[in-house]
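In: Have a look at this prediction, sequence included:
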Amino acid sequence: MGRKSPTNTEEAEAGVERSRLPPLNALRSFEAVAQHGSFTAAAAQLNVTHWAVGKQIRLLEDWFGKPLFERRARGVRLTDEGAALLGDVSDAFDRLATGTARLRDRGSARRPSGTVRVSALVSFAVSWLLPRLPDFCGQFPEIDVQVSTTSRRLRYVGGTFDIGVRSRHEQSVGLESRVLMADVRLPACSPALLTQHPIRDVADLRHHTLLHSASTKGAWMRWLREAGASGLRPLRQMEFEHVFLQQAAAVEGLGVALASLPLIRRDLAAGRLVCPLPAQTWRAPDYVMVLATERESDAAVSAFRDWLVQAAAQEPGMPPTA
């Protein structure tokens, strides 16, 4: 037979019974003090102050209308009433712990597990993916994530990846591409750099070093052309092998980088970088998620795919004015 639904009367009676329970936080403090025979040791276990534990014990004694501990010079000792209460409280907490552990175990059995292999552009992996990866690992502790970095087209990588992130679509047998998020680029530099030579408009870049990366050599030229300053000549120019090195150079005050906004969010939030010309943006090719279609139905792969899409969707709009 199925379980009967409680009647209104039964629900009301249950509510009355629950209203007769003493404060649960006070019961936790009571059990800890009883176990240790000390307010100080109980406070350390519960990660609260000695005063907070004492307040909870006084609250519980007021609720019962009788003392539960005998205060002594060195610690405390349960009264007869306190000793009787301890047995019931410990039994109740044990049953609660058993029930919650059982429920968590059932939930763990449903969590996806396995391995997902991610191939990302090195700068995307360093500046965007790795800082967010602890969130995925916390949500899916049973999934192992393997991250590799390369800029090669994924059709040449073979079967060594499940999900890739690139700056271009890749259409090939066994691959599917989806736009992950926009890549908006704009000048970024160390705040200290602006104290020497402020950047109020594009023309002020002539007093600065422009930073380049090997994979984005033409980016500054295209940006300057769209900004109406194609003839601008900077003080000097520096080139780095990777985008993340270019960003690191900007943080260190070596010059101004034409930075990918999604990749510098943490530096902007921490004040390591500022965007002196926030309105002067250039839309680079979108970041694209590339899926190995034969692996997309795998539980671990689909969990990472969905998490990646959600994380990218949380990217905010334009940065504040420097």
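Out: Yep, it's here. No experiment lies behind these values; they were computed from the predicted model shown. Residues are numbered from 1 along each chain as shown.
In: elements contacting the longest helix that the chain contains?
Out: Under DSSP state H, the helix in the chain containing the largest number of residues is helix 80-110. Packed against helix 80-110 by the contact rule (3 or more C-beta pairs under 8 Å, 6 or more residues apart in numbering; DSSP states H and E) you find helix 24-36. For every residue, glycine as well, the C-beta is placed using N, CA and C.
In: Can you name the element that comes right after the helix it packs on?
Out: Using DSSP states H and E, the helix or strand that follows helix 24-36 in sequence is helix 39-46.
In: For that following helix, the averaged confidence score.
Out: Helix 39-46 shows an average pLDDT of 86 in the prediction.
In: buried set for that helix?
Out: Within helix 39-46, the residues that count as buried by 16 or more other C-beta atoms under 10 Å are 39, 41-43, 45-46.
In: got a markdown table for the residues you listed, with distance to residue 76 too?
Out: Below are those laid out as a markdown table (distance: C-beta to C-beta, whole Å):
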| residue | distance to residue 76 |
| --- | --- |
| 39 | 7 |
| 41 | 10 |
| 42 | 9 |
| 43 | 13 |
| 45 | 15 |
| 46 | 15 |
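In: model confidence over the helix or strand just after the longest helix of the chain, on average?
Out: Next helix or strand after helix 80-110 toward the C-terminus (DSSP H and E): strand 114-120. The average pLDDT within strand 114-120 is 92.
In: from the chain's centre, how far out does strand 114-120 sit?
Out: On the basis of C-alpha atoms, centre = their mean, to the nearest Å, the separation between the geometric centre of strand 114-120 and that of its chain is 18 Å.
In: Partner strands of it and their direction?
Out: Here strand 114-120 is paired, per DSSP bridges, with strand 143-149 (parallel), strand 163-166 (parallel).
In: what's the nearest residue to residue 298 if we skip its chain neighbours?
Out: residue 114 (6.4 Å; C-beta to C-beta, 6 or more residues apart in numbering).
In: quick one, what contacts the nearest residue to residue 113 once chain neighbours are set aside?
Out: Excluding its sequence neighbours, the residue lying closest to residue 113 (C-beta to C-beta, 6+ apart) is residue 142, at 3.6 Å. Residue 142 makes contacts with 108, 111-114, as judged by C-beta atoms under 8 Å, 6 or more residues apart in numbering.
In: hey, where'd the strands end up in the chain?
Out: Here the chain has its strands, by DSSP state E, at 69-71, 76-78, 114-120, 143-149, 163-166, 175-188, 209-213, 236-240, 256-260, 282-292.
In: now the end-to-end length of stretch 123-134.
Out: Stretch 123-134 has an end-to-end distance of 18 Å (C-alpha to C-alpha, to the nearest Å).
In: any weak-confidence spans in the stretch 151-300 of the chain?
Out: 156-158 (pLDDT under 70).
In: how about 90 then?
Out: Along the stretch 151-300 of the chain, the model assigns pLDDT under 90 to residues 151-161, 166-177, 196, 214-218, 226-228, 230-231, 241-242, 244, 278-285, 292-297.
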